[in-house]
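Chemist: need a 3D model of the following:
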Amino acid sequence: MTLWYEPETISEWLKRGFSLLNILILSTAVLLVVSEMRFDWCEYMIGHYLASINSSRPETGAIWKAGEHSSKAHIVLKNIIEERQDAARYAQEATSFAELASGILPGQWANIDREQFKRLYLALPPAIASEIISPTRLIWLYGGDKIHDGEGLHRIFCEGKTEGLDIFFLNAGNRVLHHINLDKKRLDIIERGEEPFMGTLDDIPEIEGRIYSADLFFNALFKLPPEILPDLITTPHLLLNQRGDILRAGIWNEVESGFIKIGFEIRENGEYMVLFIKAREWAVWRLSAVLSGQRIPEPQAGEKP
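Modeler: Here you go, the predicted model:
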């Protein structure tokens, strides 16, 4: 059965197939397909739409997680690079070992230039510097490849720790030639000296019987050869930084690593404290002889004249 709206002849089929409306629809469809293949406008449009609703969509899926991990990795890597740059800058610009330790945080590391380490070392009083590393050992480390059988000092490596700083002297093969551990207590002594004792010399049993008035003590100092004085007052800046009056001095009765402590009783604003400095043992014995009224002894073999 033929429907009433079906064309009955070929000419009617052609008229309906190639009507203006059909041609417009076909042309539009072809243009859309060709423009999408040429300009990818559909992908851009969908991408902009998804980006605009990104905050309201659930953050799930493997693609989102991969992007999140990549972003976090870039942030962590940037922070690591910045921390290493800061540590390297601190290592080269530090003016003291205490400042160097404060700039390199626990877990951080940095290389310190050989000349920079030498500057920090030579800036210390000799007595304190020799406690960190003996001058002879440092000369040996800096002596070159011939002293070390071709494996001399190549670089100096610093590593921050919770309680201070580790310094490693390495050769070209990263073998440790020497290791220095600067703990927090030692750094504080380097920076500010030993913690003062609040009170007087009479309150310290280790100094009993070896307490002298300030004028008697310094008069005895000046009776010694001038070259001995730096070995007795090894850290003069600690005393010069005090605003109070020096009343008395006392000599400790024990030897520690070749040094004997000398305590200076200081009064400031009505309060008393004892400030300690370390003096070389042999120099203290010569000072003690003068204080006791004996003749200044001649230096023994091996002692500094």
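Chemist: ok but residue 87 is inside a helix, no?
Modeler: Yes - under DSSP: H, G, I helix; E, B strand; the rest coil, residue 87 sits within a helix.
Chemist: that one contacts residue 109, doesn't it?
Modeler: Yes - between residue 87 and residue 109 a contact is recorded at 6.8 Å, counting by CB atoms under 8 Å. Just so you know, the C-beta spots here come from the backbone N, C-alpha and C atoms, and that holds for glycine as well.
Chemist: what is in contact with those two at once?
Modeler: Listed as contacting both residue 87 and residue 109 by CB atoms under 8 Å, 6 or more residues apart in numbering are residue 160.
Chemist: any weak-confidence spans in the protein?
Modeler: Flagging of the chain using pLDDT under 70 yields the residue ranges 1-8, 13-18, 55-68, 80, 82, 144-150, 186, 188-194, 294-305.
Chemist: which non-adjacent residue is nearest the spatially most central residue of it?
Modeler: Nearest to the mean C-alpha position of the chain, by CA atoms, centre = their mean, lies residue 104 at 1.5 Å. Sequence neighbours aside, residue 160 is the residue nearest to residue 104 in space, at 3.8 Å (criterion: CB to CB, 6 or more residues apart in numbering).
Chemist: before we move on, what about residue 210?
Modeler: Distances taken as CB to CB, 6+ apart place residue 251 nearest to residue 210, at 4.4 Å, with adjacent residues excluded.
Chemist: so who does that neighbour touch?
Modeler: 207, 210, 260-263, 284, 287-288.
Chemist: the residues you listed in strands, which ones?
Modeler: 260-263 (DSSP state E).
Chemist: neighbour count and distance to residue 155 for these - can I get that in JSON lines?
Modeler: Below are these laid out as JSON lines (neighbours: other CB atoms under 10 Å; distance: CB to CB, whole Å):
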{"residue": "260", "neighbour count": "21", "distance to residue 155": "37"}
{"residue": "261", "neighbour count": "21", "distance to residue 155": "37"}
{"residue": "262", "neighbour count": "22", "distance to residue 155": "39"}
{"residue": "263", "neighbour count": "25", "distance to residue 155": "41"}
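Chemist: how is the protein partitioned into domains?
Modeler: 84-189, 194-291 (automatic domain parsing).
Chemist: could these go into a markdown table alongside distance to residue 53?
Modeler: Putting the domains of the chain into a markdown table (distance: least, CB to CB, whole Å) gives the following:
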| stretch | distance to residue 53 |
| --- | --- |
| domain 84-189 | 40 |
| domain 194-291 | 64 |
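Chemist: out of those, which comes closest to residue 78?
Modeler: Proximity to residue 78 (CB to CB) singles out domain 84-189 among the domains of the chain, at 10.6 Å.
Chemist: can you give me the strands in the stretch 51-200 of the chain?
Modeler: 109-112, 153-161, 164-171, 176-183, 197-198 (DSSP state E, counting those that start in this stretch).
Chemist: over to the stretch 201-305 of the chain?
Modeler: For the stretch 201-305 of the chain, the strands defined by DSSP E, counting those that start in this stretch cover 211-213, 245-251, 259-268, 271-280.
Chemist: now the ones you listed as CSV including distance to residue 39?
Modeler: Formatted as CSV, these follow (distance: least, CB to CB, whole Å):
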stretch, distance to residue 39
strand 211-213, 96
strand 245-251, 89
strand 259-268, 84
strand 271-280, 82
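Chemist: between these, which one is closest to residue 74.
Modeler: strand 271-280 (51.4 Å).
Chemist: what's the closest one packed up against?
Modeler: On a contact count with 3 or more CB pairs under 8 Å, 6 or more residues apart in numbering; DSSP states H and E, strand 271-280 meets helix 126-132, strand 197-198, helix 229-232, helix 236-240, strand 259-268.
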